[in-house]
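Engineer: Structure here, sequence nowhere to be found:
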């Protein structure tokens, strides 16, 4: 008997619905999100048929639940939550959400529209590891930005001179200075000799002289905070600076591991062959692309997934082109970062960007246009398993010849 399974994922439990080819409900149950619950889920589904012939629809493409089902041999098909949301009015007058109801909707979508959906093919362990490292690092970088902004705002409230003393408030030298001198009072006796020793100890780049650094510190407005308030804020400054110092150090260690990991992957070598791709940006792109070549049906499919292709709405004489909201935002950020960097190393990319700017496109729009153009080349290289060769890029070769 042909069956279809819908599984509505939950934090502590999962609703499951099994239907036959006619849409009749054969089984409806809930399992807990623990070891026994997942084992019970696999056992109950096996009663309805062999795992390889039992398709399962679920709203998310990853997680422990998905891993357990894939390892058991089931065919897992991800269904976007927007599809489920749009289908709810087909089954009830009120588009209210319920876990058992969504499980049935997922099973019925798989029954009626399964031919339109692509079953999940798991990535290799190396890609999974790289993706975990890259996404974890990205989250830590976002946390660093939040803490740096918090530290800057705190300093602006009682000691603005320290906030603008160095170019990057999250740099090692700035954090070392704030931990040693967290309040204006602690820096009152700081002279040129002590400042010179501190700068030398922390390997200052020498952009400004010692006298200029001190003058910059003392030219800022004086604090109006009482001594007790300044001491309290100084403790906060020291705490945030210490946290940032540890965070920056860990981000550096993760970056080194990511750079080594992406250089070992064939897909990583392909992406790194593009101009100014770098290792971290290449790792971000590689982690989101993966190593399953038939995951994307065409380059247009990949462009939509990456968010570098706009959405066109057209009805009769009305036509509108808008920003694409539903996409892999991590992949879009990585591709646009690479495209923006590439225009400083590739004359073809620079010309494409400048042409877009001349047409009136703003910088972000022009970068997305360039990213879309690079994606066509990246798609071909990714499919063929070959590195980027400017000599085989007709537009780039023609530009170099005529230039």
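Structural biologist: Right, received. Where do you want to start? Model, not experiment: these values are computed from the prediction.
Engineer: in the stretch 251-400 of the chain, which spans are strands?
Structural biologist: 311-315, 318-322 (DSSP state E, counting those that start in this stretch).
Engineer: Adjacent strands (with direction) for the last one?
Structural biologist: Meaning strand 318-322. Next to strand 318-322 in the sheet, as set by DSSP bridges, lie strand 311-315 (antiparallel).
Engineer: got a markdown table for the strands of the stretch 251-400 of the chain, with distance to residue 14 too?
Structural biologist: All C-beta spots, glycine's among them, are computed from the backbone N, C-alpha and C. Formatted as a markdown table, the strands of the stretch 251-400 of the chain follow (distance: least, CB to CB, whole Å):
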| stretch | distance to residue 14 |
| --- | --- |
| strand 311-315 | 32 |
| strand 318-322 | 35 |
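Engineer: As CSV, those strands with mean neighbour count would be great.
Structural biologist: Converted to CSV, those look like this (neighbours: other CB atoms under 10 Å):
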stretch, mean neighbour count
strand 311-315, 10
strand 318-322, 9
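Engineer: Of all those strands, which one is nearest residue 50?
Structural biologist: Proximity to residue 50 (CB to CB) singles out strand 311-315 among the strands of the stretch 251-400 of the chain, at 40.4 Å.
Engineer: neighbouring contacts of the closest one?
Structural biologist: The contact list for strand 311-315 (CB atoms under 8 Å, 6 or more residues apart in numbering) reads 319, 320, 321, 322, 323, 324.
Engineer: now do 7 Å
Structural biologist: With contacts defined as CB atoms under 7 Å, 6 or more residues apart in numbering, strand 311-315 is touched by 320, 321, 322, 324.
Engineer: For those, name the two members farthest from one another.
Structural biologist: Every pair of these checked by CB to CB; the farthest is 320 and 324, at 12.7 Å.
Engineer: And the spatially most central residue of the chain, how far from residue 204?
Structural biologist: In the chain, the residue lying closest to the centroid (CA atoms, centre = their mean) is residue 330, at 2.8 Å. Computed as CB to CB, to the nearest Å, the residue 330 to residue 204 distance reads 35 Å.
Engineer: same deal with residue 370?
Structural biologist: For residue 370 relative to residue 204 (CB to CB), the value is 37 Å.
Engineer: that older thread, tell me how many other residues crowd the nearest residue to the residue nearest to the centre of the chain once chain neighbours are set aside.
Structural biologist: Distances taken as CB to CB, 6 or more residues apart in numbering put residue 288 closest to residue 330, at 5.6 Å, once the chain neighbours are dropped. Close neighbours of residue 288, defined as other CB atoms under 10 Å, add up to 22.
Engineer: And the pLDDT at residue 288?
Structural biologist: Note for residue 288: predicted pLDDT of 95.
Engineer: host element of the nearest residue to residue 92 once chain neighbours are set aside?
Structural biologist: Leaving out its chain neighbours, the residue that sits closest to residue 92 by CB to CB, 6+ apart is residue 101, at 7.2 Å. Using DSSP states H and E, residue 101 sits in helix 99-113.
Engineer: Identify each buried residue in that helix, please.
Structural biologist: Residues 101, 102, 103, 104, 105, 106, 107, 108, 109, 110, 111 are the ones in helix 99-113 that count as buried (16 or more other CB atoms under 10 Å).
Engineer: ok, now stretch 297-304?
Structural biologist: Those buried within stretch 297-304 under the rule 16+ other CB under 10 Å are 299, 302, 303, 304.
Engineer: got TSV for those residues, with pLDDT and distance to residue 262 too?
Structural biologist: Formatted as TSV, the buried residues of stretch 297-304 follow (pLDDT from 0 to 100; distance: CB to CB, whole Å):
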residue	pLDDT	distance to residue 262
299	93	22
302	93	19
303	94	23
304	93	25
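Engineer: Among those residues, which one lies nearest to residue 126?
Structural biologist: Checking those one by one against residue 126 (CB to CB), the nearest turns out to be residue 302, at 20.7 Å.
Engineer: List the residues that contact that closest one.
Structural biologist: Here residue 302 is in contact with 296, 375, 379 (CB under 7 Å, 6+ apart).
Engineer: ok, now with 6 Å
Structural biologist: 296, 379 (CB atoms under 6 Å, 6 or more residues apart in numbering).
Engineer: what's the spacing between it and residue 179?
Structural biologist: 46 Å.
Engineer: now residue 65
Structural biologist: 44 Å.
Engineer: what do you get for residue 360?
Structural biologist: From residue 360 to residue 179 the distance is 49 Å (CB to CB).
Engineer: So these two - more neighbours on which side?
Structural biologist: Using other CB under 10 Å as the criterion, residue 360 and residue 179 rank with residue 179 on top: 16 against 8.
Engineer: Count the residues that sit near the nearest residue to the more buried one once chain neighbours are set aside.
Structural biologist: Leaving aside its chain neighbours, residue 179 sits nearest to residue 241 (4.9 Å; criterion: CB to CB, 6+ apart). By other CB under 10 Å, 23 other residues sit near residue 241.
Engineer: Listing request: residues of the stretch 51-200 of the chain with sub-threshold pLDDT.
Structural biologist: Scanning the stretch 51-200 of the chain for pLDDT under 70 picks out 94-95.
Engineer: in it, which spans are strands?
Structural biologist: 55-58, 75-78.
Engineer: Residue 207 versus the residue lying closest to residue 166 once chain neighbours are set aside, what's the distance?
Structural biologist: Nearest residue to residue 166, sequence neighbours excluded (CB to CB, 6+ apart): residue 174, at 4.1 Å. Counting by CB to CB, the separation of residue 174 from residue 207 is 13 Å.
Engineer: again with residue 96
Structural biologist: Distance from residue 96 to residue 207, by CB to CB: 61 Å.
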